[in-house]
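Visitor: my questions are about this predicted structure, shown below with the sequence.
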Amino acid sequence: MAIALRFAATPRRLAASIPESYPGHGVGGVARAGALWGTRRGWRLAMVVVPDSTRCRAKRGGDGDGVLGVAADGGDAAVGGGDQLSVVMKFGGSSMSSAARMEEVAGLITAFPEERPVVVLSAMGKTTNLLLLAGEKAVGCGVIYVSEIEEWNMIKDLHIKTVDELGLPRSVIHSMLDELEQLLKGIAMMKELTLRTTDYLVSFGECMSTRIFAAYLNKIGIKARQCDAFDIGFITTDDFGNAEILEATYPAVAKRLHGDWVRDPAIPIVTGFLGKGWKSGAVTTLGRGGSDLTATTIGKALGLREIQVWKDVDGVLTCDPNIYPNAKTVPYLTFEEASELAYFGAQVLHPQSMRPAREGDIPVRVKNSYNPKAPGTLITKRREMDKVVLTSLVLKSNVTMLDIVSTRMLGQFGFLAKVFSIFEDLGISVDCVATSEVSISVSLDPSKIWSRELIQQELDHVVEELEKIAVVHLLQQRAIISLIGNVRRSSLILEKAFHVLRKSGVNVQMISQGASKVNMSLIVHDSEAKQCMKALHQAFFEGDHPLVVEIEEEDVEILQLRADHPV
Ligand SMILES: Nc1ncnc2c1ncn2[C@@H]1O[C@H](COP(=O)(O)OP(=O)(O)O)[C@@H](O)[C@H]1O
Ligand SMILES: N[C@@H](CC(=O)OP(=O)(O)O)C(=O)O
């Protein structure tokens, strides 16, 4: 039998005190789920105490010190044999762009010696973009000119320079670079680049960054093991370029990472963004920015304490700092808010990445690898929403809108059903929808469509089909401004937003509120979008009394806002 205990003590102090407190017992390991966490008052730790080498499972318990849970012999998750993996730390391309950055990141990993992280890495810097461009150029350049492709040379130089500067042998990436050159030559010879080959091509970015980083950690005395996601159980659909992770991934990844750790503890350095198609067996990718999803999937699979996503900004911000530089950090978010934000185009998180974290109820912390002292953003299932008004503003530009007015050939139900079946048949996703009895306005999601020509072709096709039952107006160069906030304050948010937009002389062309109710979307003309974002940001987040101010009474709040922000 094993007993899991929860104490307020540092892990090391607690481990030292166990033999005294429990004669004849030893520490079997740190309990697997949510076992170790720091609070302002000190460390809280669940540790499994075993009378022998029995493999056991610790259960998560309630608050307070004392017995946390008791697990029967032979439980399903072995904890014997030392510390357990406790967090995921994901570093994106911006955090891993050079040898100097890799040294910094190694410093961040070692700054928390009690933590046993699974590290997930993206490709270095802009390598994924360069690989895509190199592939496109290879299609048209002829085999003998492949070695002259500028992007290929940039990729090669960056990786060789990094290996040299870190004092590693070039053999760490030599075979990868050789294989990559062969692949580009193959593409040039075939004069074609399929989606499947594109995924294989871009996978070299993550495969190289992880090999370099694992070799560097080993060199500086931190035992690390490079892992290709497609070899450790990431099983996906065969939708190359945008593959979905299948359920079988969770047990497979847990078994592999956990088994490797128990057999030979070494920090796993996992390729983000990649998987293996379940039918094809080929390398797949999870959509741009997909390493966030790799990290949350591992977090859920292993039931870890926390998922850390390290970026080049101080967390999730009140808006994209490239659109408006006065953006501020949002300290707390719910999974729902973060999903809406990502889905509506905030580049900071992959749209699907919150799902595994929400399902596993594992907190996600967004941190800045360039400024690790900044607290970042903590994303959890629930948060105190009483005092929250607006959380963040998201802009999605270059959106196409369709106004579809029924010719009344079909009844109301038939009309809506027909419109959506046309979208389904053509594989087109819609973002925002607003309906009346005889008309429907939708905005189309451009991210689902690959190249410019295809957009026009698909649009022509969808309009043609819709014109069989409706009068259709195609409106291009529109923008969606999404207001992510507290549903219980929706009237207040809209009141304020419309005041601001009226004052700026902007006409809103459509509004829509998602079923999750944390997001209200306004569609405006693209040319006015940035100016709207600035005005809205100033009204909601800046000045002496921004709308996030903590005021108890809703009526008082509205009155005060009117007084403080006359519009
Ligand atoms: N609301 C937002 N909050 C924070 N960053 C945002 C937001 N919207 C867009 N961004 C952009 O996202 C970038 C970080 O995401 P990303 O490039 O995917 O990082 P990484 O490559 O390190 O994973 C930031 O540099 C910022 O320009
Ligand atoms: N390298 C991939 C995957 C990824 O997640 O990258 P990043 O973490 O740098 O956004 C991409 O560029 O899409």
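Guide: That came through, no problem. This structure is a prediction, so every number in the text was calculated from the model and none was measured. Residues are numbered from 1 along each chain as shown. Ligands and ions are numbered 1, 2, ... in the order given.
Visitor: can the helix ranked longest in the chain be said to contact ligand 1?
Guide: Longest helix of the chain, by residue count under DSSP state H: helix 195-219. No. Using C-beta under 6 Å from any ligand atom, we find that helix 195-219 stays clear of ligand 1, coming within 11.6 Å at best. No exception for glycine: its C-beta is placed from N, CA and C like everyone else's.
Visitor: and the next helix or strand after that helix, C-alpha only, in PDB?
Guide: Sequence-wise, the next helix or strand downstream of helix 195-219 (DSSP states H and E) is strand 224-227. The C-alpha trace of strand 224-227 is given here as PDB (Å, rounded to 0.1, in the frame of the first residue of the first chain):
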ATOM      1  CA  ALA A 224      18.200  15.100 -22.000                       C
ATOM      2  CA  ARG A 225      16.600  12.900 -24.700                       C
ATOM      3  CA  GLN A 226      15.400  14.100 -28.100                       C
ATOM      4  CA  CYS A 227      12.000  12.800 -29.100                       C
END
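Visitor: name the helices or strands packed onto strand 224-227?
Guide: helix 195-219, helix 249-263, strand 267-271 (3 or more C-beta pairs under 8 Å, 6 or more residues apart in numbering; DSSP states H and E).
Visitor: 7 Å - rerun?
Guide: On a contact count with 3 or more C-beta pairs under 7 Å, 6 or more residues apart in numbering; DSSP states H and E, strand 224-227 meets helix 195-219, strand 267-271.
Visitor: mind listing what's buried in the longest helix of the chain?
Guide: 196-218 (16 or more other C-beta atoms under 10 Å).
Visitor: which ones among those residues come in contact with ligand 2?
Guide: Intersecting those with the contacts of ligand 2 gives G205 (criterion: C-beta under 6 Å from any ligand atom).
Visitor: hmm, back to that, switch the helices and strands packed on strand 224-227 over to TSV; also include distance to M176 and mean pLDDT.
Guide: Shown next, in TSV, are these (distance: least, C-beta to C-beta, whole Å; pLDDT from 0 to 100):
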stretch	distance to M176	mean pLDDT
helix 195-219	5	98
strand 267-271	12	98
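Visitor: and M385, what does it touch?
Guide: Going by C-beta atoms under 7 Å, 6 or more residues apart in numbering, M385 touches N486.
Visitor: ugh, wrong one, I meant K311
Guide: G92, S94, V348, V366, N368.
Visitor: same question, A134
Guide: I149, E151, W152, I155, L184 are the contacts of A134 under C-beta under 7 Å, 6+ apart.
Visitor: and whichever residue of the stretch 101-250 of the chain sits closest to ligand 1, backbone torsions?
Guide: Closest residue of the stretch 101-250 of the chain to ligand 1, C-beta to the nearest ligand atom: S122 (5.8 Å). Dihedral angles phi and psi of S122 (degrees, to the nearest 10) take the values phi -90, psi 180.
Visitor: correct me, but it touches G92?
Guide: Yes. Using C-beta atoms under 7 Å, S122 is in contact with G92, at 4.8 Å.
Visitor: quick one, which of these two is more surrounded?
Guide: S122 (27 against 23; other C-beta atoms under 10 Å).
Visitor: overlap in contacts, S122 and G92.
Guide: Contacts common to S122 and G92, judged by C-beta under 7 Å, 6+ apart, are S291.
Visitor: check which helix or strand covers V309.
Guide: Using DSSP H and E, V309 falls within strand 306-311.
Visitor: quick check, that strand touching ligand 2?
Guide: No. Strand 306-311 lies apart from ligand 2 when judged by C-beta under 6 Å from any ligand atom; the minimum separation is 8.1 Å.
Visitor: the stretch of helix or strand A301 belongs to close to ligand 1?
Guide: Element membership for A301 (DSSP H and E) is helix 291-302. No. If you take C-beta under 6 Å from any ligand atom as the test, helix 291-302 misses ligand 1, and the best it gets is 6.6 Å.
Visitor: check which helices and strands that helix is in contact with.
Guide: strand 87-91, strand 117-121, helix 249-263, strand 306-311, helix 354-360.
Visitor: make TSV out of those and add distance to P372 and mean pLDDT.
Guide: As requested, these are exported to TSV (distance: least, C-beta to C-beta, whole Å; pLDDT from 0 to 100):
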stretch	distance to P372	mean pLDDT
strand 87-91	11	97
strand 117-121	14	97
helix 249-263	25	96
strand 306-311	8	96
helix 354-360	21	96
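Visitor: JSON lines for the ones you listed, including distance to K381?
Guide: As requested, the helices and strands packed on helix 291-302 are exported to JSON lines (distance: least, C-beta to C-beta, whole Å):
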{"stretch": "strand 87-91", "distance to K381": "17"}
{"stretch": "strand 117-121", "distance to K381": "22"}
{"stretch": "helix 249-263", "distance to K381": "19"}
{"stretch": "strand 306-311", "distance to K381": "13"}
{"stretch": "helix 354-360", "distance to K381": "7"}
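Visitor: that older thread, which of the contacts of K311 fall in helices?
Guide: Among these, no member falls in helices (criterion: DSSP H).
Visitor: determine which two of those are furthest apart.
Guide: Spatial extent of these (C-beta to C-beta) is set by the pair S94 and V366 at 12.7 Å.
Visitor: quick one, which of the two is more surrounded?
Guide: V366 (26 against 18).
Visitor: OK, contacts around that one?
Guide: V309, K311, G315, V316, G376, T377.
Visitor: might one say that the last one is in contact with T334?
Guide: No. Under the criterion of C-beta under 7 Å, T377 lies out of contact with T334, with a separation of 11.2 Å.
Visitor: and these two? Which one has more around it.
Guide: Legend: neighbour count by other C-beta under 10 Å for T377 and T334, higher for T377 (26 against 20).
Visitor: the residue lying closest to that one once chain neighbours are set aside: what secondary structure?
Guide: Distances taken as C-beta to C-beta, 6 or more residues apart in numbering place G315 nearest to T377, at 3.5 Å, with adjacent residues excluded. Recorded secondary structure, G315: coil (DSSP: H, G, I helix; E, B strand; the rest coil).
Visitor: which phi and psi does G315 have?
Guide: Reported as degrees, to the nearest 10, the phi and psi values for G315 are phi 120, psi -170.
Visitor: so it touches I379, yeah?
Guide: No. Look at G315 against I379 with C-beta under 7 Å: they stay out of range, at 9.5 Å.
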